[in-house]
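Visitor: A structural model of the following input is requested.
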Amino acid sequence: MYKYKNKKTYRQLERLVKGFANHRRIQVMELLKKKPELSVIEIAEELSVNVKTISDHIKKLAMSGLILKRNELQSVRHKLTKNGEQILKFLRTLT
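Guide: As a prediction, this is how the structure comes out:
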C-alpha cells in the first residue's frame, strides 16, 4: 500500500471523511464556527434536534479530530479544530 511521506494513512483519511459525511454533522460544524463553546444541549436547541442524536454526532466529530471538547463545571463545551475549519472551507468550494 502506498502512503505519502509524513501524511495521514488511508485509514486515518477514511476516519476523517466519515467524521463529516453527514448533513447533520456539517450543520453542527457550521454552528460551532459561528458560535464556539456550545454544549450538546445548546447545539440541540439551536438545530431543533434530539440531544441524544446530537451527542452521537458530536462523538463522531470528536473522534475524527474535527471538534474539541472542554470541560466547564458540569457541562462540556465544544469548538472546531483547525482541521474542522479547513474541512468547512473545503466543503464550501464544492457548492
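Visitor: Which residue ranges of the protein form helices?
Guide: 10-20, 23-34, 40-47, 51-63, 82-93 (DSSP state H).
Visitor: mind listing what the spatially most central residue of the chain touches?
Guide: The centre of the chain sits closest to L61, judged by CA atoms, centre = their mean, with a distance of 3.6 Å. For L61, the contacting residues are 19-20, 25, 28-29, 67, 84, by CB atoms under 8 Å, 6 or more residues apart in numbering. For glycine as for every other residue, the C-beta is placed from the backbone atoms N, C-alpha and C.
Visitor: again, but for K7
Guide: When the contact criterion is CB under 8 Å, 6+ apart, K7 has no partners at all.
Visitor: L13 versus that one, what's the distance?
Guide: Per CB to CB, to the nearest Å, K7 is found 9 Å from L13.
Visitor: M29: neighbouring residues, count only.
Guide: When neighbours are counted by other CB atoms under 10 Å, M29 registers 21.
Visitor: in stretch 44-56, what's buried?
Guide: The neighbour-count check on stretch 44-56 (16 or more other CB atoms under 10 Å) flags 44, 46-47, 54 as buried.
Visitor: What is the most widely separated pair among these?
Guide: Farthest pair in these (CB to CB) is E46 and I54. Separation: 9.4 Å.
Visitor: and L73, which of the helices of the chain is closest to it?
Guide: L73 lies closest, by CB to CB, to one member of these: helix 40-47, at 13.6 Å.
Visitor: Let me see the contact set for F20.
Guide: By CB under 8 Å, 6+ apart, the residues touching F20 are 26, 29, 61, 64, 66, 87, 91.
Visitor: Quick one, which of the residues you listed are buried?
Guide: 26, 29, 61, 64, 66, 87.
Visitor: Can you tell me which of the residues you listed is nearest Q74?
Guide: Closest approach to Q74 among the buried ones among the contacts of F20 (CB to CB): L61, at 21.5 Å.
Visitor: Nearest spatial neighbour of the closest one, chain-adjacent residues omitted?
Guide: Leaving aside its chain neighbours, L61 sits nearest to I67 (4.6 Å; criterion: CB to CB, 6 or more residues apart in numbering).
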